[in-house]
Structure formats: C-alpha cells, structure tokens
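[1] fold the following and give me the result.
(2 chains)
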Amino acid sequence: MISPEEIKETLSKAIPVTVVETQDLTGGGDHWQLIIVSPAFEGKALIEQHRLVNEALKEPLGDQRIHALSLKTFSPAQWDKIGS
Amino acid sequence: MAEDVKSRIDEKVKNNKIMVYMKGTPDFPQCGFSAHTVEILKSYGFPFASEDVLADPAVREGIKRYSNWPTIPQVYIDGKFVGGCDIVHELHERGDLEPMLKSAFGK
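    Just a heads-up that it's a prediction; the model follows:
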C-alpha cells in the first residue's frame, strides 16, 4: 500500500513532472492508474516513457507496495494535443 | 539467455513486419491481455505473425530478457519492440498505431 503523496514524491525525485494524477483502482492502495506529464518524455516512444516511470517507482514496485500499475504518460506537447 | 533462443526470437522479430509474442493464438488467446492486443491488431487488417509462449518455456522467459520487459504479450513492429497490451491500446486510442503499421508495410 502506498499513498498518492508518496507516489508523487517518489516520481518527482526521479523525473521532472508537471502533472501527476493518481487513481486508486481498487481502494486497496496498491492498484494504481497514473496519468503523468513530464518534459522527460519528450521525443520518446511510449515504451521508453513507461520504462522511465517503472524505473522511478522501482522500490515500491519491487517491495509490492504497488502491486499493479496502469500508466498513461504524455509529453507536454502530447498533453496539449489532447486538450487535457 | 541461451543463444539459440535469442537467435530464434531475433529472426522472427526481424522477418515479420508485425510479430506478437502472446499466450495462446490469435484465434484462441489464453489471456485477456493477449486477446485485447490481437483484437486491436486485427482491426487494422495487416497480416501479423505470432508465437504462443505457453508452448515453449524457453521462449516465454527468453522474450522477457530480449526486450528487458517483464510481461507478455509483446508486440514488435518493423523489428522494434513497441510494448504490451497497455501501450498498444494507448497507441490505438491516440491514433498513433495506424501510421506505425502503415510505415512498416511501406504505405
């Protein structure tokens, strides 16, 4: 189990983030959907964006505080395009 | 990873414009994520090749090492690892998948 604040803090230590929206999918605090916007994603394929996030959250993923993660990642340009 | 497994994977990834490593087959997927992934790919009508990792434990482990990605299914387009179910779904939703497929087939 992990809190949205911990997720945001852990992420922002690893990569610059402009938007982090967290959704607890089951109410149990360990299945999360995250919407993340970061300039670090610019020019990167989705798989590389997801790799960056998985790497940033390696510890809570490794010790099972996060059991399942569903990611929606955007560069600032991609985020603007969908009109947030 | 054993060299022969790696070269077998490498050959399939390079010789097929779209290669899918999945659980089950496109007509009889054995997992919801594999099913959803092939359903999306089928909707574009381009031919794709697949391999059932459940039929070969060496490939099931090998493919994860090959891409350094922990889950199956795995989709490769034009020799490059694109992602699994989530990413294929997301690319499809964003309208980014079609241009990738078309460009793989030189269209």
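
[2] strands of the chain, start to end?
    I went with chain A, as the question did not name one. With DSSP state E as the criterion, chain A has strands at A:19-24, A:31-37, A:68-74.

[3] to clarify, I was referring to chain B.
    Using DSSP E, strands in chain B cover B:18-22, B:49-52, B:74-77, B:80-83.

[4] pick the most buried one from those.
    strand B:74-77 (a mean of 26; mean count of other CB atoms under 10 Å in any protein chain shown). The C-beta positions use only the backbone N, C-alpha and C, and glycine is treated the same way.

[5] still on that earlier bit, who wins for proximity to B:K12 among the strands of chain B?
    Nearest of these to B:K12, taken as CB to CB: strand B:18-22 at 5.4 Å.

[6] partner strands of the closest one, with direction?
    strand B:49-52 (parallel), strand B:74-77 (antiparallel) (DSSP bridges).

[7] make CSV from these and add mean pLDDT and distance to B:F105 to it.
    CSV is the format used below for these (pLDDT from 0 to 100; distance: least, CB to CB, whole Å):
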stretch, mean pLDDT, distance to B:F105
strand B:49-52, 98, 13
strand B:74-77, 98, 10
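
[8] so, low pLDDT: which residues of the chain?
    Picking chain A for this. A:84 (pLDDT under 70).

[9] oops, I was thinking of chain B
    If you take pLDDT under 70 as the line, chain B has these spans: B:1.

[10] if we go to 90?
    Applying pLDDT under 90 to chain B flags the ranges B:1-3, B:107.

[11] around chain A, pick out the residues from it.
    B:W69, B:F81, B:V82, B:G83, B:D86, B:I87, B:E90, B:L91, B:R94 (CB under 8 Å from any CB of the partner chain).

[12] please tell me I have it right and the second one contacts B:K64.
    If I follow you right, that is B:F81. No: taking contacts as CB atoms under 8 Å, B:F81 lies outside contact range of B:K64: 11.2 Å.

[13] mind listing what B:K23 touches?
    B:P29, B:Q30, B:C31, B:S34, B:D52, B:V53, B:L54, B:I72, B:P73 (CB atoms under 8 Å, 6 or more residues apart in numbering or on different chains).

[14] follow-up on the earlier one: mind checking the strands paired with strand B:18-22 for the one nearest to A:N54?
    Among these, strand B:74-77 sits nearest to A:N54 (CB to CB), with 14.9 Å.
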